[in-house]
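>>> What shape does this take:
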Amino acid sequence: MIRKAETFAMTVLLVAVYCNRGQAQVAPPTILTIDTENVIEYQGPISDPSKLATDPNVTPAVMPRTFNVVLVLGDIVAVNGQPAKGTLAARAWAIGASPAPNPGKAIADTTRVSIRFNTFEILKSDGTPVGTIVTLGPNGGSPPPGAPLAQTGGNLAIVGGTGAFLGARGQQGGARGTSREVPIFRFASMAEDPANRRKNGGGKFRWLLTVIPMSVPQIETIFGGPAVLHSSDSSLVTASTPAAAGEVLSLRATGLGPTRPGVDPGQPFPATPPAVVNSPVGVTVNGQPAEVLAAVGLPGAVDGYKVNFRVPSGTAKGMATVQVSAAWITGPSVTIGIQ
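Residues are numbered from 1 along each chain as shown. Next up is the predicted model:
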């Protein structure tokens, strides 16, 4: 549990932490693998607009001609293999572009199916909002240079985000999910009632996002070393006072994102109630996941957080690397001693 009050010595320490921040480090782009299910592409138009979203049954689809609009809905079920929730909502304008198009398709120097606008509204598995990533660009065809090797197509830019992904940039494409026997989408008419999307079922698809965040989680530096403390007495973990396997430690970090309850941008976190970080927060020690006991905004701090975690019981003696992550984005590592 996070303590409700800090000792005077601890207060002095925190002041020192926030007056002696280390130089910001630029982390490499983070690859987010977003798995979706019940994905349906609703194709239009239909001749009678009064019939939009009225048929409760599975409906046949008419593949859209060039310049027609399609809408896509799907459920986010995992991010980087961790259970998650959320909604994929997309809109696409068919172009059927290629250097040698069939009649009715668009001639172009590149091969693309459509121009697409995607929104990935991501929640934790318990339904807590994390943030939204927005992408835009040509869909289908080859991935762009520098894309992840697993990306099979798409050339969309990340044009922004909200919540934990505020100010994000990067690129996005797609790859088939783990089961190639499952159709990537189910195609339906816009007459089909989307309230029955999960009941009627849809396809599965895996999206790959190369995210460059506006900021990354980062463990603070104090007196030339990482701000990692023994939870028992709030003293620093140092070479002369190393941590132990199985011990509960506390680290100070920045860049963990929004909290519940929230605060206005640029305003300090309150003392009560605790400002709990919205995003999934992770800590690794020597690359092994540590149990995270709490992650909250530090009272009176702006972009300052406290994370309590337990050192994995099997951690070997010697120097160990510690990293903190939020919203599946990992910051640079620091080194502490383990006795």
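>>> only C-alpha atoms for contact and neighbour calcs from this point on.
Noted.
>>> show me what contacts Arg198?
Asn38 (Cα atoms under 8 Å, 6 or more residues apart in numbering).
>>> how close does it get to Val324?
Arg198 sits 36 Å away from Val324, going by Cα to Cα, to the nearest Å.
>>> ditto for Ser47
Ser47 is 54 Å from Val324, by Cα to Cα.
>>> tell me the contacts of Ile212?
Contacts of Ile212 by Cα under 8 Å, 6+ apart are Pro28, Pro29, Thr30, Ala168, Arg169, Gly170.
>>> Provide a ChimeraX selection command restricted to the buried entries of those residues.
Buried subset of these, written as a ChimeraX selection, criterion 16 or more other Cα atoms under 10 Å:
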select :30,168,169,170
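>>> Tabulate the contacts of Ile212 (a markdown table), appending pLDDT.
Output for the contacts of Ile212, formatted as a markdown table (pLDDT from 0 to 100):
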| residue | pLDDT |
| --- | --- |
| Pro28 | 74 |
| Pro29 | 93 |
| Thr30 | 96 |
| Ala168 | 95 |
| Arg169 | 96 |
| Gly170 | 96 |
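>>> which element follows the strand or helix carrying Val39 toward the C-terminus?
Taking DSSP states H and E as the criterion, Val39 maps to strand 30-43. Scanning forward in sequence from strand 30-43 by DSSP H and E, the next helix or strand is strand 69-79.
>>> Reformat the contacts of Ile212 as JSON lines; add distance to Val79.
Output for those, formatted as JSON lines (distance: Cα to Cα, whole Å):
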{"residue": "Pro28", "distance to Val79": "18"}
{"residue": "Pro29", "distance to Val79": "16"}
{"residue": "Thr30", "distance to Val79": "12"}
{"residue": "Ala168", "distance to Val79": "16"}
{"residue": "Arg169", "distance to Val79": "18"}
{"residue": "Gly170", "distance to Val79": "17"}
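>>> between Ser47 and Val324, who's got more neighbours?
When Ser47 is set against Val324 and neighbours are counted by other Cα atoms under 10 Å, the residue ahead is Val324, at 29 against 9.
>>> was I right about the more buried one contacting Val228?
No: under the criterion of Cα atoms under 8 Å, Val324 lies out of contact with Val228, with a separation of 11.5 Å.
>>> tell me the pLDDT at the residue nearest to Val39 when sequence neighbours are not counted?
For Val39, ignoring the flanking residues on the chain, the nearest one in space by Cα to Cα, 6 or more residues apart in numbering is Gly74 at 4.1 Å. Per-residue confidence for Gly74 comes out at a pLDDT of 98.
>>> for Ile184, same thing?
So Ile184 comes in at 81 (pLDDT).
>>> my guess is Gln288 meets Pro312, correct?
Yes: contact criterion Cα under 8 Å: Gln288 and Pro312 qualify, at 7.3 Å.
>>> Which one of the two is surrounded by more residues?
Pro312 (19 against 15).
>>> Tell me how far the nearest residue to Thr36 once chain neighbours are set aside lies from Asn38.
Among residues not flanking Thr36 along the chain, Ile76 sits closest, at 4.5 Å (Cα to Cα, 6+ apart). Distance, Ile76 to Asn38, by Cα to Cα: 9 Å.
>>> Which one's more surrounded, those two?
Between Ile76 and Asn38, counting by other Cα under 10 Å, Ile76 is the more crowded of the two (25 against 22).
>>> Low-confidence regions, the protein specifically.
Scanning the chain with the threshold set as pLDDT under 70 gives 1-27, 176-183.
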